[in-house]
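1. Build me a model:
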Amino acid sequence: MAILDSEYWAEFYKGGFFGFGEEGNFKYFSFWHFLPIILLIAAIILTYIFREKIKEWKHEKTFRLVLGILMMLVEMGYYWRLIYAGPGNTEQHNLLSKLPFQVCEWTCIFAMIMVFTENKHLFDIDVFVCLTLGIFPLFIPAVIKTTGPTYFRYYQFWGEHTLPIYSVFYMMFIKGYKFNWKTVYKPIIFLSVLTVFALILNSQIPDGTYLYLRGDDLGPEISKLLTDNQFIRLPIYAAIVAIIFGIEILVFYLIRKYRGKNKTIENEETKEIEKEAQ
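-> Modelled structure (predicted):
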């Protein structure tokens, strides 16, 4: 029967808008690679420029509702597509290797709930994770190397990875949420819990490579240089995350210090003008 023929399934997976495409369909550093990043940056800048008007906008809550629904749809869309087209491997049709235990999936879920409920705890997690680990997939989107803009997966991937980042900045600019290095324990707890689940699943599922703790051709480039032993990879990844979080804390500290210095200068200038006026 044709339905049992591996060539039949290979063609099925590659075909159609919801299919998997051809190797090299998506090109690194091409127009279609940079376009979503440019749109993300533009959205963040425009939100900052018009932040006061957005705060007073009568439809601000509705906008957050729409933003949250979009994140819900792109997250659910990943699994709807899997149900339709399968996991993408024509030899091992194992959907257990696609369970929602990756960092990007949970940051998207957290961001969705955050904009719905204005939950500060979820912001504390996403502000660390989205602005560090969430940046890497934007520049090295290895998991969509076969699906360019003619495929659903392209739009689902960029929605899942850009909308949570935008949501973090939105809550900063519009709701006044602030980065606080003292809350770094929250993302650490989140990542620790996720890692425990990933280790268990990777040990029980033959194709499991959650958090890229085992070898995976679709993982980050650095993962291909390491052993497939997840217990050796784990401390290496933990060290990398610690360094990245430290850099983020330093960057935000310098920004806050710079803004504080400028505010002090502005206050002194205002006092001088008031004295002269008197």
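2. residues touching the closest residue to Q230 other than its chain neighbours, list them.
-> Of all residues not flanking Q230 in the chain, L213 sits nearest, at 3.7 Å (C-beta to C-beta, 6 or more residues apart in numbering). Every C-beta, even on glycine, is put in place using the N, C-alpha and C of the backbone. By C-beta atoms under 8 Å, 6 or more residues apart in numbering, the residues touching L213 are 195, 198-199, 202, 230, 233-234, 237.
3. Kindly recompute the last result at 10 Å.
-> Residues near L213 by C-beta atoms under 10 Å, 6 or more residues apart in numbering: 195, 198-199, 201-202, 219, 223, 226, 228-234, 237.
4. most surrounded residue in those?
-> Highest neighbour count within the contacts of L213: A198, with 24 neighbours (other C-beta atoms under 10 Å).
5. Surely that one touches Q204?
-> No. If you go by C-beta atoms under 10 Å, A198 and Q204 don't touch, sitting 11.0 Å apart.
6. Pull the number of nearby residues for the residue lying closest to E118 once chain neighbours are set aside.
-> Among residues not flanking E118 along the chain, K175 sits closest, at 6.2 Å (C-beta to C-beta, 6+ apart). Close neighbours of K175, defined as other C-beta under 10 Å, add up to 16.
7. same check, this time on the one 10 residues further on
-> By other C-beta under 10 Å, the residues close to Y185 number 10.
8. Check what pLDDT it gets.
-> Note on Y185: pLDDT of 94.
9. ditto for T117
-> Per-residue pLDDT puts T117 at 96.
10. Report how many residues lie close to it.
-> The tally of other residues near T117 (other C-beta under 10 Å) stands at 11.
11. ok, now which ones touch it?
-> 64, 68.
12. separation between the residue nearest to Q230 and E56?
-> 47 Å (C-beta to C-beta, to the nearest Å).
13. Same check on E118?
-> 17 Å.
14. who's more crowded, the two?
-> It is E118, of E118 and E56, that has more neighbours when counted by other C-beta under 10 Å, with 14 against 8.
15. got a list of what that one touches?
-> The contact partners of E118, by C-beta under 10 Å, 6+ apart, come to 61, 64, 171, 175, 177.
16. Check E52 too.
-> By C-beta under 10 Å, 6+ apart, the residues touching E52 are 173-174.
17. which regions of the stretch 101-250 of the chain lie under the pLDDT threshold?
-> Scanning the stretch 101-250 of the chain for pLDDT under 70 picks out the ranges 215-227.
18. The same query, at a cut-off of 80, please.
-> Applying pLDDT under 80 to the stretch 101-250 of the chain flags the ranges 142, 206-208, 214-229.
19. Please enumerate the helices of it.
-> Remark: helices assigned in the stretch 101-250 of the chain by DSSP state H, counting those that start in this stretch are 103-117, 120-129, 136-139, 152-175, 185-204, 230-277.
20. which one of those lies closest to I49?
-> I49 sits nearest to helix 152-175 of all these, at 9.4 Å, using C-beta to C-beta.
21. That closest one - contacts with which helices or strands?
-> Counting contacts by 3 or more C-beta pairs under 10 Å, 6 or more residues apart in numbering; DSSP states H and E, helix 152-175 packs against helix 31-49, helix 51-56, helix 60-85, helix 103-117, helix 120-129, helix 136-139.
22. is it possible to export the ones you listed to JSON lines including distance to I189?
-> Shown next, in JSON lines, are the helices and strands packed on helix 152-175 (distance: least, C-beta to C-beta, whole Å):
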{"stretch": "helix 31-49", "distance to I189": "27"}
{"stretch": "helix 51-56", "distance to I189": "31"}
{"stretch": "helix 60-85", "distance to I189": "22"}
{"stretch": "helix 103-117", "distance to I189": "12"}
{"stretch": "helix 120-129", "distance to I189": "9"}
{"stretch": "helix 136-139", "distance to I189": "21"}
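23. what's the closest of those helices to I165?
-> Nearest of the helices and strands packed on helix 152-175 (C-beta to C-beta): helix 31-49, 6.4 Å.
24. Can you add distance to Y78 and give the helices of the stretch 101-250 of the chain back as TSV?
-> Listed next are those as TSV, based on distance: least, C-beta to C-beta, whole Å:
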stretch	distance to Y78
helix 103-117	8
helix 120-129	18
helix 136-139	14
helix 152-175	6
helix 185-204	17
helix 230-277	23
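25. All good on my end, thank you.
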